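Enquirer: Mind folding the following:
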Amino acid sequence: MNILIVDDHEPNLYLLESLLKGNGHQVISAPHGKKAFEIVQAGDIDLVITDILMPVMDGFQLCRRIKNDPVLTAIPLIFYTATYTGPQDEAFALKIGADRFIVKPCEPDVLITAVNEVMAAAQKGQSAVSGPVIEEEEAYKLYSERLVTKLEQKMQEAEREIETRKKMETELRQSQAQLIHARKMESVGRLAGGVAHDYNNMINVIMGFAELALEKISPKDPLYSDIQEIIRAARRTSDMTRKLLTFARRQEVSPRVLDLNETIDGMLKMLDQVTGKDIRLSWHPKPGLWDLFMDPSQIDQVLLNLCVNAKDAVDTAGRVVVETDNTRLDDHFCSRHPGFIPGDFVTLTVTDDGCGMDDQTRERIFEPFYTTKAPEKGTGLGLATVYGIVKQNHGFIQVTSTPQQGTRFILYLPRYVKTAAMSD
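Expert: Take a look at the predicted model:
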């Protein structure tokens, strides 16, 4: 049996041709209705299987041309299409002379059974009625309605695809930007760690010799106060190098199982003094908070730096809110936040209603020595220290901020779960 298949999509032609040839049929293909009609006119075609929407001439027009031709009208025709907008499509197809209307995709057996049934009916003279089965005017009217409906459907599909692609492109750009930022922070961390380690060794030597010199001279000596200034400056520098080592995740720590709520409870008086009397500090602990495995001193560093940063952002009167919670990150959340991994986390959130920051500032806040404050107000190492501690403990940071509205830092710290091996 010679079967003509008509479709403007090459993969569809290939799959359909493979299926029909596998069932013993000879197959000829055409990319659109005009070419198909020329092949049918040339003769020796037993069955036509056609899509609907195609360039040059669509499937409905092809069916009309075949069924209006006295020589060709007995050739059976099957519509095999994915552009199905409703039962009106099938009704119109049958009205203009089609033998079957099949919506793809369908099971191969369904299509082969339909082919066999249509050909068996044609051989018995029971194919579609020869000649036009509806008046020409009605046919054109119905054809126009179906064509408009299908074009509207295609436009909607195209619009959805465009929106999807735009969204994917935006997410890709964001992921690339976050990846570049993460790599930059990693490189800065390695550089800062190496410099800080060597610098710290030299500072220790300076402090050591200065203290020895101090022991050898009288407090009344004019040099005594000068050497004291050298020691004080060296200690301040040593503190900066420790912060750099924290950012580079080279800080020596003594982690233990702890309750974050209890740790913060012990800091509230100090934090209240840090934020000042004009700023209201609110504390909202989550009952039943999961345990962490961290060095408590690191919690002190993180919360102190975040609260100092919030105080500077608020400047005068305002509010700082500290919260804890249990959070489970799933694959969907992590797919929208590159660098995050699924799992159970304890969150520490610090929110202020201060001046906020723009996107350009937010992207750089964790870089060492980057600051928008006046020189006498900060070194630019506070948030770098927070970043280093969170990363050292395999956590993540999420920052949201709007200029003139405030900033929120959410720290995701991995939940500690006691394993059987640890309990032995």
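
Enquirer: and stretch 60-74, which residues are buried?
Expert: Neighbour counts over stretch 60-74 (16 or more other Cβ atoms under 10 Å) mark 60, 61, 62, 63, 64, 65, 66, 67, 72, 73 as buried. The C-beta positions use only the backbone N, C-alpha and C, and glycine is treated the same way.

Enquirer: Straight-line length of it, end to end?
Expert: 16 Å (Cα to Cα, to the nearest Å).

Enquirer: Stretch 38-48 too?
Expert: So stretch 38-48: terminal residues 12 Å apart, Cα to Cα.

Enquirer: before we move on, back to that, ok, so of the buried residues of stretch 60-74, who is nearest residue 403?
Expert: Ranked by distance to residue 403 (Cβ to Cβ), the buried residues of stretch 60-74 are led by residue 60 at 57.6 Å.

Enquirer: quick one: the closest one from residue 106, how far?
Expert: Using Cβ to Cβ, to the nearest Å, residue 60 is found at 20 Å from residue 106.

Enquirer: sorry, back to before: pick out whichever of the buried residues of stretch 60-74 sits closest to residue 173.
Expert: Nearest to residue 173 among the buried residues of stretch 60-74: residue 60, at 42.7 Å, using Cβ to Cβ.

Enquirer: Figure out the helix or strand that the closest one lives in.
Expert: In this assignment (DSSP states H and E), residue 60 forms part of helix 59-67.

Enquirer: pLDDT below threshold where in the chain?
Expert: 83-86, 126-154, 174-202, 236-253, 369, 373-380, 419-424 (pLDDT under 70).

Enquirer: Next, name the residue at the spatial heart of it.
Expert: residue 336 (2.8 Å; Cα atoms, centre = their mean).

Enquirer: Now do the same contact list for that residue.
Expert: Residues in contact with residue 336 (Cβ atoms under 8 Å, 6 or more residues apart in numbering) are residue 171.

Enquirer: Can you tell me how far it is from residue 398?
Expert: 11 Å.

Enquirer: next one: residue 11
Expert: Distance, residue 11 to residue 398, using Cβ to Cβ: 43 Å.

Enquirer: Compare the two and say which is more crowded by neighbours.
Expert: Remark: of residue 11 and residue 398, residue 398 carries more neighbours, 13 against 8, as counted by other Cβ atoms under 10 Å.

Enquirer: Which of the three states applies to residue 321?
Expert: Secondary structure for residue 321, judged by DSSP: H, G, I helix; E, B strand; the rest coil, is strand.

Enquirer: right, I mislabeled it, should have said residue 257
Expert: Here residue 257 is strand, with the state taken from three-state DSSP.

Enquirer: and it, what is it in contact with?
Expert: Contacts for residue 257 were tallied using Cβ under 8 Å, 6+ apart; they are 291, 292, 293, 416, 418.

Enquirer: if we go to 10 Å?
Expert: Contacts for residue 257 (Cβ atoms under 10 Å, 6 or more residues apart in numbering) come out as 291, 292, 293, 294, 416, 418, 422.

Enquirer: Okay, and which of those map to strands?
Expert: Using DSSP state E, the members of those that fall in strands are 292, 293, 294.

Enquirer: Can you lay out the residues you listed as TSV showing neighbour count?
Expert: Shown next, in TSV, are the ones in strands among the contacts of residue 257 (neighbours: other Cβ atoms under 10 Å):
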residue	neighbour count
292	24
293	16
294	25
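
Enquirer: Many thanks, have a good one.
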